[in-house]
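A.B. asks: Sequence and predicted structure below; questions after.
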Amino acid sequence: MSELSGDSVSLDVETIYLGGKEHIIRTGSGSISVIVYGDPEKPALVTYPDLALNHMSCFQGLFFCPDAAALLLHNFCVYHISPPGHELGAAAVCPSDPVPSVDDLADQILEVLNYFRLGTVMCMGVMAGAYILALFAMKYRDRVIGLILVSPLCKAPSWTEWICNKVMSNLLYYYGMSGLLKDCLLYRYFSKNVRGGADFQESDIVQACRRLLDERQSTNVQRFLQAIDRRPDITGGLKKLRCRTLVFVGDESPFHSEALHMATNLDRRYSALVEVQACGSMVTEEQPHAMLIPMEYFLLGYGLHRPSKFNGSPRSPLSPTCIAPELLSPESMGLKLKPIKTRISSQR
């Protein structure tokens with residue numbers, strides 16, 4: 001049964017994502033899909049994926065990780081925003097429709113928040129999605145309380161990225177979602193260890209992502225690619241962000257240096273950087289467990305916690321009052337992390 005209103009079409013899609021509900025919201029720059037999961041009375045967590053991805057292919061690994069799901073779904077109602085035409089089952093966007101700019105995409109997020117009557121929100125984005133959310137936070141600083149950015153972009157495309165984008169754009173135009181185009185995207189997303197090679201097969205997560213890419217409309221992907229390829233450098237606005245920011249990046253990500261550049265230019269009092277070893281750009285899928293403890297400490301700054309498995313106490317089982325100080329090193333936590341390059345001040 002669908003619910004119709006003047007501004008949106010809301011469709012039940014419980015078979016798509018664990019009982020979530022899809023809303024197709026008409027905005028000034030076209031319609032976009034938002035999957036809502038959780039109790040709408042809880043604080044809002046808005047997610048935005050990378051090029052050619054949606055919530056299923058970009059955030060499923062993180063939300064299927066039991067401890068991370070407990071942390072996030074205990075504290076938030078999640079609003080998964082897909083780039084225009086990237087939702088499951090999307091039709092090709094009309095070729096005559098203007099290609100949205102990155103500013104248009106950021107403004108769409110504001111329209112989504114207003115549609116759901118959301119005030120301030122927490123945001124989580126991956127690569128191009130991280131750029132869109134960071135831009136949104138700069139434009140509408142009073143609407144964002146925190147940013148969790150995974151392998152974020154923040155500068156205009158380098159020559160290397162520009163050439164790669166042109167190659168992908170031509171492949172999309174002439175051949176659609178071809179095998180070569182998918183190889184380019186998988187290089188963007190994952191480390192060599194999981195992409196496979198002559199001596200070993202692709203991992204399950206890469207094979208699953210490859211299958212999901214088959215569902216994308218090539219014209220829709222090309223439009224998002226054009227928007228990202230024309231993005232301006234937003235470095236100058238980073239220190240003006242009012243919210244705390246947590247940056248993750250895999251040390252084998254093609255955007256590793258860009259993420260370091262972004263972390264360096266954020267306000268050191270309110271930001272932190274976590275580099276994940278032997279990981280590509282999409283930490284949410286390749287090593288989601290590496291995000292858990294940094295996210296937990298990040299969210300503790302907002303009074304949010306992960307529910308204890310052993311009792312009904314609201315205290316986080318990882319809070320400093322529950323574990324010995326010597327157990328707080330990355331090695332003791334059992335994670336494949338480089339030493340955390342923190343930019344968080346002890347002042348709250």
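C.D. replies: The structure has been received and is ready for your questions.
A.B. asks: pLDDT below threshold where in the protein?
C.D. replies: In the predicted model, the chain carries pLDDT under 70 at residues 1-19, 308-348.
A.B. asks: Over to the spatially closest residue to Pro83 that is not a sequence neighbour. Which of the three states is it?
C.D. replies: Once flanking residues are discounted, Pro83 sits nearest to Phe224: 4.7 Å by Cβ to Cβ, 6 or more residues apart in numbering. Heads up, the C-betas are built off the backbone N, CA and C, glycines and all. Going by DSSP: H, G, I helix; E, B strand; the rest coil, the secondary structure assigned to Phe224 is helix.
A.B. asks: can you give me the strands in the protein?
C.D. replies: Counting by DSSP state E, the chain has strands at residues 2-4, 8-12, 21-27, 30-37, 44-48, 77-81, 121-126, 144-150, 244-250, 270-276, 341-344.
A.B. asks: mind putting those in CSV, mean neighbour count and distance to Ser101 included?
C.D. replies: CSV is the format used below for the strands of the chain (neighbours: other Cβ atoms under 10 Å; distance: least, Cβ to Cβ, whole Å):
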stretch, mean neighbour count, distance to Ser101
strand 2-4, 9, 30
strand 8-12, 15, 23
strand 21-27, 19, 13
strand 30-37, 21, 12
strand 44-48, 25, 15
strand 77-81, 24, 17
strand 121-126, 27, 17
strand 144-150, 25, 20
strand 244-250, 26, 23
strand 270-276, 23, 26
strand 341-344, 16, 30
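A.B. asks: With distance to Arg210 added, can I get these in TSV?
C.D. replies: TSV is the format used below for those (distance: least, Cβ to Cβ, whole Å):
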stretch	distance to Arg210
strand 2-4	32
strand 8-12	27
strand 21-27	24
strand 30-37	22
strand 44-48	22
strand 77-81	21
strand 121-126	17
strand 144-150	20
strand 244-250	19
strand 270-276	22
strand 341-344	33
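A.B. asks: so which of these gets nearest Gly197?
C.D. replies: Among the strands of the chain, the nearest to Gly197 by Cβ to Cβ is strand 244-250 (17.7 Å).
A.B. asks: outside of the closest one, which residues touch it?
C.D. replies: Strand 244-250 is contacted by residues 145-152, 191, 255-256, 259-260, 262-263, 266, 270-276, 278-283, 286-287, 290-291, 294-295, 298, 301, 344 when judged by Cβ atoms under 8 Å, 6 or more residues apart in numbering.
A.B. asks: what's the angle from it to strand 144-150?
C.D. replies: Interaxial angle of strand 244-250 relative to strand 144-150 (axes from the mean of the first three to the mean of the last three Cα atoms, to 10 degrees): 10 degrees.
A.B. asks: check contacts around the most centrally placed residue in the chain.
C.D. replies: Centroid-nearest residue in the chain: Gly125, 2.5 Å away (criterion: Cα atoms, centre = their mean). Counting by Cβ under 8 Å, 6+ apart, Gly125 touches Thr47, Tyr48, Pro49, Tyr131, Ile132, Leu133, Ala134, Leu147, Ile148, Leu149, Val150, Pro152.
A.B. asks: Could you measure from Glu285 over to Met56?
C.D. replies: Distance, Glu285 to Met56, using Cβ to Cβ, to the nearest Å: 11 Å.
A.B. asks: what does Ile25 give?
C.D. replies: On the measure of Cβ to Cβ, Ile25 and Met56 end up 19 Å apart.
A.B. asks: need the helices for the stretch 51-200 of the chain, in chain order.
C.D. replies: Using DSSP state H, counting those that start in this stretch, the helices of the stretch 51-200 of the chain run over 55-58, 60-63, 66-75, 102-115, 128-139, 159-175, 179-189, 192-195.
A.B. asks: So which of those is nearest Ile234?
C.D. replies: Smallest distance to Ile234 across the helices of the stretch 51-200 of the chain (Cβ to Cβ): 5.9 Å, for helix 128-139.
A.B. asks: Could you list every helix and strand that that closest one packs against?
C.D. replies: Helices and strands touching helix 128-139, by 3 or more Cβ pairs under 8 Å, 6 or more residues apart in numbering; DSSP states H and E, are strand 44-48, helix 102-115, strand 121-126, strand 144-150, helix 218-229.
A.B. asks: tell me the angle the first one makes with strand 121-126.
C.D. replies: If I follow you right, that is strand 44-48. Comparing the axes of strand 44-48 and strand 121-126 via the same axes, to 10 degrees yields an angle of 20 degrees.
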